[in-house]
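K.L.:
Kindly return the folded structure for what I paste below:
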Amino acid sequence: MDVSFLGGPQPQLGVGVVAPFDFALDRELWRWVPDDVSLHLTRTPFVPVEVGLDLARLVSEHETLHAAVQALHAVSPQVIAYVCTSGSFVSGIAGERAICAAMTRAGAVPALTTSGALVEALRETGARRVAVVTPYTKSVTDSLEDFLGEAGITVTGRAYLGLTRHIWKVSYRDVVDMARAAAVGAADALFLSCTNLPTYDVIPQLEAELRMPVLSANQVTMWAALRAIGAAAVGPYQALLDPVARRGPAAMSGPAAVPGQGGGTPDGTPDG
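P.N.:
Alright, predicted model coming up:
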C-alpha cells in the first residue's frame, strides 16, 4: 500500500524532562500534554538512598543535571524541565534558581523546575496562603514550607505520609484523606507535592469539595513547561488550566468547611 500521500508525521514541539531515577509516573505527565507536543524523558543515575533530604540533594547536583541535559540536547527540545519537587526546593529559592541556570548552560535552552513552576502557578492563581499535602517525611515537608516561606507563601495547614520509598503506589483515597486533613485553615489553594505522587484524576474532585484551586507537582511543571513554548496544558476541570473551572467552585472565596474535621494543622501519617 502506498502511504506517501500521508506526508509523514506532523511537526512536534519538544519538552525535555529530567526526572529522578525512581520516577514512575511517565504516563501521568503525558496526560497534560497536547498532541502536537512530545516529551523527551531522561533520568538521573541510581543512588542507593531512601527518599529524604539527602536524596533530594544528590539528584539535584549540578553535575548530575548537566549530564542529563546534555543527553536531551540531542533531540533539540524547546525547553527542559527538572521534574523533582524536593530536589528543586531543598536548597531554597537561590538553589532553585541555580539549578535553572546550570541546566540552561548545559543545554542552551530555557530550563525550569517543579518548585519554580509551583511559585509561578501560585502567583497565577493569586494564592498567598496554601495548604500542603506531601508523601514525605517531616524533615522534607519542613523544607518545602521553608521554600514557600522564602517565596512569600504562608502554609496554613499540612498533612504528610512519612514515606521514604514507593511513593507512586499511594492511592487516590490517601491523597484525598490528606487533602481534607490539611485544608482546615483559610487557604487560597491546596498543593499536592512530589512528582511521584499520582494526582491527575483527583484534582477536579478536590477543587469541587474544597472550593479552592488544587495544584499538583506534575500539573504545575507541565503547565509551566508548555506555557514556555507557547502551548497549553490539557486538564479539564482543573482551575490552573481550565478557564471554566477557574470560574467554578474553585473560584469561590472563603475556606471550605470539611465535615468531621476539627481545627489545627495536623501532621498526619495515615496508612498508605
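K.L.:
I'd like to know how many residues surround Asp201.
P.N.:
For Asp201, the neighbour count with other C-beta atoms under 10 Å is 11. C-betas here are computed from N, CA, C, even on glycine.
K.L.:
so it sits right up against Arg173, yeah?
P.N.:
No - using C-beta atoms under 8 Å as the test, Asp201 is too far from Arg173 to be in contact (11.7 Å).
K.L.:
low pLDDT regions in the chain?
P.N.:
Along the chain, the model assigns pLDDT under 70 to residues 1, 8, 248-272.
K.L.:
what sits against the most centrally placed residue in it?
P.N.:
Of all residues in the chain, the one closest to the mean position by C-alpha atoms, centre = their mean is Ala217, 1.2 Å from it. Counting by C-beta atoms under 8 Å, 6 or more residues apart in numbering, Ala217 touches 83, 85, 114, 118, 192-195, 197, 199.
K.L.:
farthest pair in those?
P.N.:
Val83 and Leu192 (14.3 Å; C-beta to C-beta).
K.L.:
longest helix in the protein, by residue count?
P.N.:
Longest helix in the chain, counting residues (DSSP state H): helix 92-107.
K.L.:
How far away from the center of its chain is it?
P.N.:
The chain centroid and the centroid of helix 92-107 are separated by 17 Å under C-alpha atoms, centre = their mean, to the nearest Å.
K.L.:
Now do it: which elements does it pack against?
P.N.:
Where contact means 3 or more C-beta pairs under 8 Å, 6 or more residues apart in numbering; DSSP states H and E, helix 92-107 is packed against helix 62-73, strand 79-82, helix 85-89, strand 111-113, helix 114-125, helix 138-150.
K.L.:
can those go into a markdown table with extra columns for mean neighbour count and distance to Gln10?
P.N.:
What follows is these, written out as a markdown table (neighbours: other C-beta atoms under 10 Å; distance: least, C-beta to C-beta, whole Å):
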| stretch | mean neighbour count | distance to Gln10 |
| --- | --- | --- |
| helix 62-73 | 18 | 21 |
| strand 79-82 | 28 | 19 |
| helix 85-89 | 30 | 32 |
| strand 111-113 | 26 | 25 |
| helix 114-125 | 22 | 27 |
| helix 138-150 | 18 | 39 |
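K.L.:
quick one: which of those is nearest Ala102?
P.N.:
helix 62-73 (4.2 Å).
K.L.:
got the angle between the closest one and helix 92-107?
P.N.:
The directions of helix 62-73 and helix 92-107 differ by 40 degrees, with axes from the mean of the first three to the mean of the last three C-alpha atoms, to 10 degrees as the criterion.
K.L.:
which other helices and strands contact helix 62-73?
P.N.:
Helix 62-73 packs on strand 13-19, strand 37-43, strand 79-82, helix 92-107, going by 3+ C-beta pairs under 8 Å, 6+ apart.
K.L.:
Can you show me the strands along the stretch 101-250 of the chain?
P.N.:
Shown for the stretch 101-250 of the chain, the strands assigned by DSSP state E, counting those that start in this stretch span residues 111-113, 129-134, 154-160, 189-192, 214-216.
K.L.:
Mind listing what's buried along stretch 168-186?
P.N.:
168, 170, 174-175, 177-185 (16 or more other C-beta atoms under 10 Å).
K.L.:
measure that stretch end to end?
P.N.:
29 Å (C-alpha to C-alpha, to the nearest Å).
K.L.:
Over to stretch 168-177?
P.N.:
OK, stretch 168-177 end separation, C-alpha to C-alpha: 16 Å.
K.L.:
So what's the gap between it and the chain middle?
P.N.:
Distance, stretch centre to chain centre, for stretch 168-177: 16 Å (C-alpha atoms, centre = their mean).
K.L.:
going forward, begin numbering at 17 instead of 1
P.N.:
Got it, the first residue is 17 from now on, which makes the last one we talked about stretch 184-193.
K.L.:
outside of that stretch, which residues touch it?
P.N.:
Contacts to stretch 184-193, defined as C-beta under 8 Å, 6+ apart, come from residues 40-41, 149, 151, 177, 179, 208, 212-215, 217-218, 221-222, 286-288.
K.L.:
quick revisit: closest to Val95 out of the strands of the stretch 117-266 of the chain?
P.N.:
strand 127-129 (6.9 Å).
K.L.:
Distance from the chain centre to that closest one, please.
P.N.:
Computed by C-alpha atoms, centre = their mean, the separation of strand 127-129 from the middle of its chain amounts to 12 Å.
K.L.:
Good, we can wrap up now.
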